[in-house]
Every structure is written in C-alpha cells, then in structure tokens.
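In: Sequence isn't available, so here's the structure alone:
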Ligand code: SAM
Ligand code: SF4
C-alpha cells in the first residue's frame, strides 16, 4: 500500500494533534501519576492491599542535555504542521517548570498553519506567567483539579495548593482564555464523593469540566480496575442531582462525551478511555521531553526523534521518518485484557 503525504496510520486514521511534553519533572505528586507520598502509599496499601501489582516504576528524570530544546521543538512543530498537524498541546510533567516556556509559546504561536495552541498544567505556578503566556499566543489552557477540599487536594496531589490552583483558574478566565477547561481524575474512595461539588463549581464558574477515568499509568503501578469509577457510573451519579442533556462532540476525534445541564448553566464532559475506548478515532501522537515519539499513551516502544534531529537530518528526512513512525500507530490499547502490558514510563514522563 502506498502512503499518502500526511500523517496517516495503517488503520486509516489521520493525525492532527501533537502533544509535547516539556519536562518529565513535576512540583506535584498526584496519586494517579507519581504516587510517591506517604498518603498515596497508605491509600493504595490500605484500601487495595489485597490486589496484586506489577513492580513499580522508579522514575529516571531526564538529564538536561537530553531534553529536547526549544529550537528542536519549534522545528518538529513546523515539520509536523507541514504534515497536517493542526493542534499542539504543551504538557508534561509540569510544563510551567520549563524555564523560558513563554519564549517557546511565542515561537510556536508564530508558525504558519497552526490552528490551536493549548497547554495542560496543574496551575500552581500559572499566576507568575499567565499574562506573558496569553500575550505570547497561548490559545487555550486546561487545569487539573481533583478536589475542592483543601485536605483532600493535598492528599491527592501531595501539595497544599488548592488556593493557588483556584486563583489560577480565576485568572485564566479574567485574561480571556476561553474555554477554560478543568480536568479531574476520579478514583474510587478518593474523590468520587466530590463529584457533586465539582459539578456545582463548574456550573458556578462557567468552566468546561472533564471527568477522566483513572488509567494504568501511575509510576507505582498501583492501578487496579476496582479503583476506576467508569464514565457510566460518573454520569449516573451526576444524574442523581442534575438533569443532563447530550451535547455534540467538539470534533470527531474528541475524547470527551459532553453534557449540558437542562437549566442551561454549564457543561461537563466524561473521558472514559478504560471502559469506553475511543482508539478508533484517536488522532494524537506524543513527543516526550527527551525527544521520543510515542504513537499511543500505552505504547511499549518509543521512536528516537532526538537522535535524528541531532545527527543532521533534513526537514524532508524528518517528515518521512515521522510518516513511517505514524504508520505503525497501535490499533488500540489493551487495558483490562490478559495481554495488557503497562508502558515502561509513567504519565508524567509520557506527557498526558
Ligand atoms: N502536570 C500537568 C497537569 O497535571 O495538568 C500536565 C501533565 S498531566 C500528566 C496531564 C493530565 O494527565 C492531567 O489532566 C492529569 O490529571 C492526567 N493524568 C495523569 N495521570 C493519569 C492517570 N493515571 N489516569 C488518568 N489521567 C491521568
Ligand atoms: Fe504532576 Fe500533572 Fe502528574 Fe500531577 S498529573 S504529578 S501535576 S504531571
């Protein structure tokens, strides 16, 4: 079969979305991502000790010299846009920890053909850079917020930072980021009792709130399907208090199923990659902070773009290489099946 010039995989999907991890490091220690705190360990041991686990991943932080540079990122973005990529999302680890982030944003925002430049952040450091990021051309921002209870927020994230994150969300709205999205990962016996208050908060603040199923990407490999509150359960529990009406997806590759409220105030989305996989519509690839391309969140193999960039490859060579890599994109993930193998790196290293 001959390959079309854009980024098309062997299952017929056209890729439009490139997620770039700017660092694997983070100033939080979320229970579902880097569960290194005592609270996280107590939770997993206490509630779920009877369940068997694979060996934990010991995070190996990327050395500075191996981090993909701004120059290299801008070049990859330019080549990727030439291949049909339309959306770029900056993520991590915590992207706000990357020194000079606003310069990178300004640089990427000016690349002709880019339709959407977004960032996902825990928000803790956002106020320091918010205005510059807006002026530099960042279009959209998503925050992570799993709890509105100060103690529970600290337990989940390892940081007493609820006030800072709430202030960041307020500031993003004030600066005109629109929509401001907020993501909550829902874990049974951790924050599922807060679903109602998070929904109330989303409605009150006019936020686009997304509830996400817990995926097996934590560094402790503590994930078990018993901890997942499925999208269906999330919806049913929200429906006990609110009347929901379905909203059309943002686009055919959107991960969230969206719902509005019958009284017209607010909107929520449910992202259910575990119980209702959307792999057939996936149009994403990822670039890790150390310059590896990942064709799926759950890929067990990575493709070394950094070496190519540092060994004098031309733009055409990079484009051809990317086409070849994308062609190999996995058909789907295998969570919950006997053959499932967790990826060798956790979410903070992959770039969510
Ligand atoms: N540090 C930033 C943040 O937390 O928003 C960006 C990186 S974080 C890895 C990106 C997204 O992945 C966040 O919304 C986070 O909630 C989500 N995430 C991390 N680990 C997850 C897991 N095991 N299952 C589901 N979502 C996860
Ligand atoms: Fe850090 Fe984001 Fe992972 Fe939480 S989810 S530990 S904020 S990278």
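Out: In hand now; what should we look at? What you see is a predicted model; the values in this text were computed from it and never measured. Ligands and ions are numbered 1, 2, ... in the order given.
In: Mind checking if stretch 108-121 is in reach of ligand 1?
Out: Yes: judged by Cβ under 6 Å from any ligand atom, stretch 108-121 and ligand 1 are in contact via 120, 121. For the C-beta atoms, the positions are set from N, CA and C on the backbone; glycine is no exception.
In: In which helix or strand does the residue of the stretch 201-350 of the chain found nearest ligand 2 reside?
Out: Ranked by Cβ to the nearest ligand atom, the top residue of the stretch 201-350 of the chain for proximity to ligand 2 is residue 348, at 4.0 Å. If you go by DSSP states H and E, residue 348 is part of helix 347-350.
In: contacts for that helix?
Out: 21, 24-26, 32-34, 59, 62, 92-93, 215, 217-219, 286, 288-289, 294, 297, 343 (Cβ atoms under 8 Å, 6 or more residues apart in numbering).
In: for stretch 172-186, same thing?
Out: By Cβ under 8 Å, 6+ apart, stretch 172-186 touches 30, 32, 120, 126, 130-131, 134, 138-147, 169, 191-192, 195, 198, 202, 205-214, 229, 234, 271.
In: how distant is stretch 243-259 from the center of its chain?
Out: Computed by Cα atoms, centre = their mean, to the nearest Å, the chain-centroid distance of stretch 243-259 equals 18 Å.
In: Tell me how far the lowest-mean-pLDDT helix or strand in the chain lies from the chain's centre.
Out: Sorting the helices and strands of the chain by mean pLDDT, DSSP states H and E puts helix 38-48 at the bottom, at a mean of 83. Distance, stretch centre to chain centre, for helix 38-48: 24 Å (Cα atoms, centre = their mean).
In: What helices and strands are in contact with that helix?
Out: Secondary-structure packing of helix 38-48 (3 or more Cβ pairs under 8 Å, 6 or more residues apart in numbering; DSSP states H and E): helix 150-157.
In: is the helix it packs on anywhere near ligand 1?
Out: No: contact between helix 150-157 and ligand 1 is absent, the nearest approach being 8.6 Å (criterion: Cβ under 6 Å from any ligand atom).
In: Show the buried residues in the contacts of stretch 172-186.
Out: Listed as buried from the contacts of stretch 172-186 are 30, 32, 120, 126, 130, 134, 138-147, 169, 191, 195, 198, 202, 207-214, 229, 234, 271; burial here means 16 or more other Cβ atoms under 10 Å.
In: From the residues you listed, which land in strands?
Out: 120, 140-144, 208-213, 271 (DSSP state E).
In: Flag the shaky bits of the chain, pLDDT-wise.
Out: Where the chain drops to pLDDT under 70, the residues are 1-4, 47-54.
In: Strands of that one, start to end?
Out: Using DSSP E, the strands of the chain run over residues 17-21, 87-91, 116-121, 140-144, 180-186, 208-213, 244-247, 257-261, 267-271, 284-287, 292-294, 303-304.
In: Same list (the ones you listed) but as CSV, adding distance to residue 70.
Out: What follows is these, written out as CSV (distance: least, Cβ to Cβ, whole Å):
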stretch, distance to residue 70
strand 17-21, 11
strand 87-91, 11
strand 116-121, 14
strand 140-144, 20
strand 180-186, 25
strand 208-213, 29
strand 244-247, 37
strand 257-261, 34
strand 267-271, 30
strand 284-287, 13
strand 292-294, 17
strand 303-304, 19
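In: Nothing else from me, thank you.
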